[in-house]
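Q: need a 3D model of the sequence below.
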Amino acid sequence: MPKREIKDRLGKLLRFAIFSHRWFQEGEPSFRTIDSRRPFTRGYHKLIKFCEKAAQFGCKLAWSDTCCIDKTSSAELDEAIRSMFRWYRFAHVCIVHLSDATSILFDELEKDVWFTRGWTLQELLAPRRIKFYGKNWNELTDVDNDKDHDELMVSVSKITNIPIHDLRHFQPGTNRIRERMSWASKRTTTRTEDIAYSLIGIFDVNLPIAYGEGTWAFHRLMEVIIHRCDEWGIFAWAGPPSTHHSRTSAIPQSPACYHLIDVGRFPSETEWVHGDTSFTLSRQGLFLTVMIAIGDIERNVDAHGEEHYEFTVKPSHAGPTFTTVHIDLSMSDPINVKEHEWAIGILNYREVEPKGEYGKLEGDRSYVSFLLHRGGVKEPWTRVPADNILIVNTLFESESREPLCGLWL
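A: The predicted structure follows:
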C-alpha cells in the first residue's frame with residue numbers, strides 16, 4: 001500500500017477535534033472528575049455541545065484542555081503545554097465557543113472575552129480549520145472553515161491587530177518578534193507564568209515549565225528568543241524592564257511593553273536588513289550597537305501638574321537634523337536633566353562598510369530609538385526606561401553617515 005494512502009487512512013481513523021473556549025470560574029469537568037457522578041454543570045453542558053459539534057465534522061475523537069490533561073502530573077502538564085501548538089495545528093477542526101457573541105457583527109465580537117485571553121491566541125493561529133459558535137451554540141457563518149469567511153476574518157483581524165494572512169497561514173518562529181508580541185500585549189492569563197508559556201508554540205521555542213516562577217518565565221522566554229533572533233525590532237518596547245537580570249535593562253517585563261506603539265509612524269522592519277543583527281546576551285548583559293545622537297532634554301509641567309519631557313538632538317556641522325521627541329517618563333522622583341549627558345540610541349540605521357564603524361540614515365524617514373544618559377564622557381551610557389517608544393524623524397532630504405557605538409545595556 002502506498003505511503004500516502006496509509007497516511008490518508010490513518011488520518012481518517014485518528015481524526016480529532018480540539019476545543020477552544022473561555023473557562024468558567026467553576027464547574028469545568030477535570031481529568032479526575034470527568035467520570036464521576038457530580039451534578040450536571042455548565043461546564044459539562046459545554047463539553048457535551050463541543051462533542052456534538054465534533055461529531056458533525058466526522059470526528060470520533062475530541063480533546064479539551066479542561067479534562068484531557070492530568071494537571072496533578074507535572075510531567076504530563078509539561079508535555080501538554082509544550083505540545084499544545086502542534087495539537088491545535090494538526091487537529092481536523094478547532095471548535096471555538098464564544099460565550100458572549102451571537103453574530104459576526106464587529107460590535108458583538110469585540111466584546112467577547114475569548115479575544116482577551118492569553119491561551120486563545122495560539123488557539124486562533126495554529127488550527128488550519130476553525131469553526132466559531134456563538135453564545136447559544138449557533139453557527140456564526142455558513143462555511144465549513146471560518147478562516148475562509150472574508151467578513152469574519154476582517155472583523156477578527158481588526159479586533160486582534162493580526163493580519164488576515166497570518167490568521168489563515170500562520171507559521172511559528174523567532175521572526176517579527178515585536179509584531180507578534182504586540183498581538184499578546186493586551187491579553188491576560190489567570191497564572192502569571194502562562195503569559196510566557198502560551199507563547200512557546202507561537203515562537204517555536206523550547207522552554208521548561210515551572211509553575212511558581214512568576215515573571216521569571218517571561219524573562220526566560222525572552223532570553224531564548226534573543227539568542228535566536230536577529231531583528232532590531234525586538235528592542236522596540238516601552239515600559240518597565242525585567243528585574244531578573246542584574247546587568248541588563250534590555251529585556252521587557254511582559255508582552256504589554258510591546259503595546260505602546262504608534263503603529264502609523266512605526267517604520268517597516270522588513271524593508272531592508274538594518275540595525276545590529278549580531279547582538280549578544282551574556283552574563284555581562286546585552287551588547288548592542290546603535291547610532292548615538294547626543295542632545296538636550298527639557299522638563300515641562302502642564303496646567304494639570306503632569307511632567308513631560310522633550311528631547312532635541314544637537315545639530316552638528318554635517319550631521320542630520322531630527323524632529324523633537326516627546327518622552328513619557330514614570331520616575332518616582334523628578335530627574336535633574338542638567339546633571340546628565342543625554343542621547344538617543346537609534347536602532348534601525350543602515351550599516352555601511354566597513355561594518356561596525358558607521359551607519360547611514362535616510363532622509364525623511366522614521367527611526368526607532370531609546371533614551372540614554374551618562375554622568376560624564378568617561379562613563380558608559382545607560383538606558384532610561386520610558387513609557388513610550390521613541391520614534392524620531394529625519395528632516396533632511398539626502399542621506400547621512402554617522403559613527404556607531406557598541407553599548408552594554
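
Q: assumed Ala17 was part of a strand.
A: Yes - per DSSP: H, G, I helix; E, B strand; the rest coil, Ala17 lies within a strand segment.

Q: what are the bridge partners for it, then?
A: Beta bridges link Ala17 to Ala62, Val93, judged by DSSP bridges.

Q: now for it: which residues touch it?
A: For Ala17, the contact set (CB atoms under 8 Å, 6 or more residues apart in numbering) comprises 50, 53-54, 57, 59, 61-63, 91-95. Backbone N, C-alpha and C define where each C-beta goes, glycine included.

Q: now, among those, which is nearest to Asn136?
A: Of all these, Asn136 sits closest to Lys53, with 12.8 Å by CB to CB.

Q: touching, the closest one and Tyr133? I think so.
A: Yes - counting by CB atoms under 8 Å, Tyr133 is a contact partner of Lys53 at 6.7 Å.

Q: okay, and the common contacts of the two?
A: With contacts defined as CB under 8 Å, 6+ apart, the residues adjacent to both Lys53 and Tyr133 are Ile95.

Q: quick revisit: separate out the buried members of the contacts of Ala17.
A: Buried members of those, counted by 16 or more other CB atoms under 10 Å: 50, 53-54, 57, 59, 62-63, 91-95.

Q: Thr41 and Lys131: what is the separation?
A: 24 Å (CB to CB, to the nearest Å).

Q: I meant to write Ser278 there.
A: Separation of Ser278 from Lys131 (CB to CB): 45 Å.

Q: the more surrounded of the two?
A: The neighbour comparison of Ser278 against Lys131 (other CB atoms under 10 Å) goes to Lys131, with 24 against 10.

Q: return the distance of stretch 120-138 from the chain's centre.
A: In terms of CA atoms, centre = their mean, to the nearest Å, the gap separating the centre of stretch 120-138 from the centre of its chain is 20 Å.

Q: residues contacting Lys46?
A: 21, 24, 97 are the contacts of Lys46 under CB under 8 Å, 6+ apart.

Q: now the buried members of those residues.
A: Using 16+ other CB under 10 Å, the buried members of the contacts of Lys46 are 21, 97.

Q: let me see the mean pLDDT of stretch 47-55.
A: For stretch 47-55, the mean per-residue pLDDT is 96.

Q: what's the span of stretch 343-360, first residue to last?
A: With CA to CA, to the nearest Å applied, stretch 343-360 spans 18 Å between its terminal residues.

Q: which positions within that stretch qualify as buried?
A: Neighbour-count burial for stretch 343-360 flags 343-351, 358-359 (criterion: 16+ other CB under 10 Å).

Q: between those, which is closest to Gly285?
A: Closest approach to Gly285 among these (CB to CB): Gly345, at 14.3 Å.

Q: touching, that closest one and Leu372? I think so.
A: Yes - counting by CB under 8 Å, Gly345 touches Leu372, with 5.3 Å between them.

Q: if I look at those two, which residues touch both of them?
A: Shared contacts of Gly345 and Leu372, counting by CB under 8 Å, 6+ apart, come down to 292, 381, 383, 407.

Q: sec struct for the first one, please.
A: Spelled out, it's Ile292. Ile292 - assigned by three-state DSSP - is strand.

Q: ok, how many other residues are close to it?
A: Ile292 has 18 neighbours, counted by other CB under 10 Å.

Q: equivalent analysis for the one 3 residues further on, please.
A: Using other CB under 10 Å as the criterion, Gly295 is surrounded by 19 other residues.

Q: could you do the one 5 residues further on as well?
A: If you count neighbours by other CB under 10 Å, Asn300 ends up with 9.

Q: find the nearest non-adjacent residue to it, please.
A: Leaving aside its sequence neighbours, Asn300 sits nearest to His308 (CB to CB, 6 or more residues apart in numbering; 4.9 Å).

Q: what helix or strand is that neighbour on?
A: Applying DSSP states H and E as the criterion places His308 in strand 307-313.
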